[in-house]
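Undergrad: Provided below for reference: sequence and predicted model.
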Amino acid sequence: MNKIYILILSFCFVSNIMVSQKVDIKFKLDNYKNDTLIVGNYYADRQLVKDTLFREEGEKDFVMQSDSLFEEGVYIAITIPDHQFIQFIIPKDDQEFEIKMDYEDLSDVKIKDSYENELFYDYLAYLKKRRPENTRLQKELEEAKSKGEDDTRILAQIAALDQDILDQQKKIVAENPNTITAMLISANFQIDIPEFTEGTEEEIKTQRFRYYRSHYFDHLNFDHPGILRTPFLHDRINYYMEKLNAPLPDSTIIAIDYVLSKFENNPEAFKFYTSYFLNQYAQMKMVGQDAIYVHIVDKYYADGQAPWVKEETLAKIIDNANKLKPLLIGKTIPDVTTYEQDGTAVKLREIDSDYTVLVFWAPNCGHCKKAMPHVVKFNDEFISKGVKTISICTKGGDKFKGCWDSLEDKDMLRLLNTGDEYIRFQRQMFVTKTPKIIVLNREKEIVIKDIPAEKLSEIVDEIIRLDDEEKSISIE
């Protein structure tokens, strides 16, 4: 009997746990005549619809229910058709509660049976209560400044008010460390930059900036599963990438690795941002950004850190990165040979010149036709400066004859024109778009590429100038 009794008790206990693991959220919305309420959630750089709730005629409440728990985070309830909204929190395992609000004043929200949401709205109420005081002090400060009066007393009051609010924020965070409310509050804490005194004014600014950048994410809890569903995360990451790092491939690669390392204990966020960065740099928007794409593929996808990608898709991503590698800036051009019309071989690595400009083109390419006058003019101006310009036709097979037939029409006869009937260079060089311009130095390293033909003279002139400056410094 005792064993049976224990089994019955155990079954009841397990059943109660299973029953409690559900979603049952009621929205009591007074003075709202529409029968539809949209519930969504933040998700990195977007807002997703989670559910569309319909209220039966005669009913007062909108009810959102599910037998399985929702992902924790910040959610929004949106009215139709004016798209007013309130924010609320769905915690990890406390998803049965009630939200009462008035459509005519959505700032007045009352919560029942949810500690997390009561904490959140109590905090908002506290800020609302202190706001008039801040407004009054700011107005007094503005008036004092306009009259040239002493504002010391007002500034002291503002500082005291700011400290009071900060103390309250820290108290909430300390007493509720694992809540989403605490995560939202602490995300807005300022970075305390120490006083730097050594060095010039410019050096001190640099020290302050570097400290700020290295501590920029100090108050963000990247391990919290709900951080991906907050309204601040993506903006913070974007600001870090765009404002605190130079827009150069090497700097961007370091920044991406740093951001992704923050999500080491947050698989969902790591998956999102790994995919986000890959897609962002899959299409090169700036010269040299293909190096960023290749890095992401090599470090995360080819290394087995993206298990969510299907095998076939993964193989294509890796293959695409491998094709891009030979033409990354800083790489030595692949050891390929193209041929003049009479069959004379032109080995790209053996061209004797301080600089070599490769122009890949196609006879039927409209953009090539527009680019060629600029290329020919560049060749005429820079041949005396140790620059050789090589045109490489990308057509082969039965279209190979067109490479030569259109040279005169495009006024290209003064260039060193080459091609390959079997387009063998494509096995080592991933040229998919024309015109494609690549500038090499004497060592046949890629200095720059994918630049517009009309900017060719300006860019190469600058490259030569910088190289000359570097040589003069070395001599001295």
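TA: That came in fine, so what should we check first?
Undergrad: burial of Ala269, as a residue count?
TA: Residues within reach of Ala269, counting by other CB atoms under 10 Å, total 23. Just so you know, the C-beta spots here come from the backbone N, C-alpha and C atoms, and that holds for glycine as well.
Undergrad: Does it touch Phe222 like I think?
TA: Yes: between Ala269 and Phe222 there is a contact under CB atoms under 8 Å: 7.1 Å.
Undergrad: Identify the contacts common to those two.
TA: Between them, Ala269 and Phe222 share these contacting residues under CB atoms under 8 Å, 6 or more residues apart in numbering: Phe263.
Undergrad: Disregarding residues adjacent in the polypeptide, which is nearest to Met101?
TA: Spatial nearest neighbour of Met101, chain neighbours left out: Val109 (4.8 Å); criterion: CB to CB, 6 or more residues apart in numbering.
Undergrad: Likewise for Tyr75?
TA: Here the residue nearest Tyr75, using CB to CB, 6+ apart, is Asn41, at 4.6 Å.
Undergrad: Buried residues of the strand or helix carrying that neighbour, list them for me.
TA: In this structure, Asn41 sits in strand 36-43 according to DSSP states H and E. Going by neighbour count (16 or more other CB atoms under 10 Å), the buried part of strand 36-43 is Leu37, Ile38, Val39, Gly40, Asn41, Tyr42, Tyr43.
Undergrad: now the strands for the stretch 1-150 of the chain?
TA: 23-30, 36-43, 46-54, 61-66, 73-79, 85-90, 96-102, 105-112 (DSSP state E, counting those that start in this stretch).
Undergrad: Please list all residues in contact with the residue nearest to Met101.
TA: Val109 is in contact with Ile86, Phe88, Ile99, Lys100, Met101, Tyr121, counting by CB under 8 Å, 6+ apart.
Undergrad: returning to what we had before: quick one: which of the strands of the stretch 1-150 of the chain is nearest Lys401?
TA: Nearest of the strands of the stretch 1-150 of the chain to Lys401, taken as CB to CB: strand 46-54 at 51.5 Å.
Undergrad: can I have that closest one written out in PDB, keeping just the CAs?
TA: Included here for strand 46-54 are C-alpha records, laid out as PDB according to Å, rounded to 0.1, in the frame of the first residue of the first chain:
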ATOM      1  CA  ARG A  46      13.400  42.900 -35.900                       C
ATOM      2  CA  GLN A  47      10.100  42.500 -34.200                       C
ATOM      3  CA  LEU A  48       8.300  39.200 -34.800                       C
ATOM      4  CA  VAL A  49       4.600  38.500 -34.400                       C
ATOM      5  CA  LYS A  50       4.100  35.800 -31.800                       C
ATOM      6  CA  ASP A  51       0.300  35.500 -31.800                       C
ATOM      7  CA  THR A  52      -2.800  37.200 -33.100                       C
ATOM      8  CA  LEU A  53      -5.500  37.300 -30.400                       C
ATOM      9  CA  PHE A  54      -9.200  37.600 -31.200                       C
END
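Undergrad: Check the spacing between the nearest residue to Asn31 once chain neighbours are set aside and Asp30 real quick.
TA: Distances taken as CB to CB, 6+ apart place Tyr103 nearest to Asn31, at 4.5 Å, with adjacent residues excluded. To Asp30, Tyr103 is 6 Å away according to CB to CB, to the nearest Å.
Undergrad: ok, now Ser68?
TA: Distance, Ser68 to Asp30, by CB to CB: 30 Å.
Undergrad: Equivalent analysis for His83, please.
TA: His83 is 19 Å from Asp30, by CB to CB.
Undergrad: Neighbour count for these two, which is higher?
TA: Asp30 (12 against 8).
Undergrad: for Ile76, which residues make a bridge with it?
TA: Gly40, Gln87 (DSSP bridges).
Undergrad: Run a quick neighbour tally on it.
TA: Ile76 has 17 nearby residues by other CB under 10 Å.
Undergrad: Tell me if I'm right that it and His83 touch.
TA: No: applying CB under 8 Å as the test, Ile76 and His83 come out as separate, 10.0 Å apart.
Undergrad: biggest helix in the protein, by residue count?
TA: helix 115-147 (DSSP state H).
Undergrad: Specify the angle between that helix and strand 85-90 in degrees.
TA: For helix 115-147 against strand 85-90, the angle by axes from the mean of the first three to the mean of the last three CA atoms, to 10 degrees is 130 degrees.
Undergrad: Count the neighbours of the residue nearest to Asn31 for me.
TA: So Tyr103, with other CB under 10 Å, has 14 neighbours.
Undergrad: Next up, the contacts around it.
TA: Leu29, Asp30, Asn31, Tyr32, Thr79, Gln84.
Undergrad: 6 Å instead, please
TA: Contacts for Tyr103 (CB atoms under 6 Å, 6 or more residues apart in numbering) come out as Leu29, Asn31, Tyr32.
Undergrad: same thing with Pro373?
TA: With contacts taken as CB under 6 Å, 6+ apart, Pro373 has no neighbouring residues.
Undergrad: re earlier: buried residues of the longest helix of the chain, list them for me.
TA: Residues Glu116, Asn117, Leu119, Phe120, Tyr121, Tyr123, Leu137, Glu140, Ala144 are the ones in helix 115-147 that count as buried (16+ other CB under 10 Å).
Undergrad: And the residues you listed, which is closest to Ile191?
TA: Ile191 lies nearest to Tyr123 out of the buried residues of helix 115-147, by CB to CB, at 21.6 Å.
Undergrad: Understood, closing this out.
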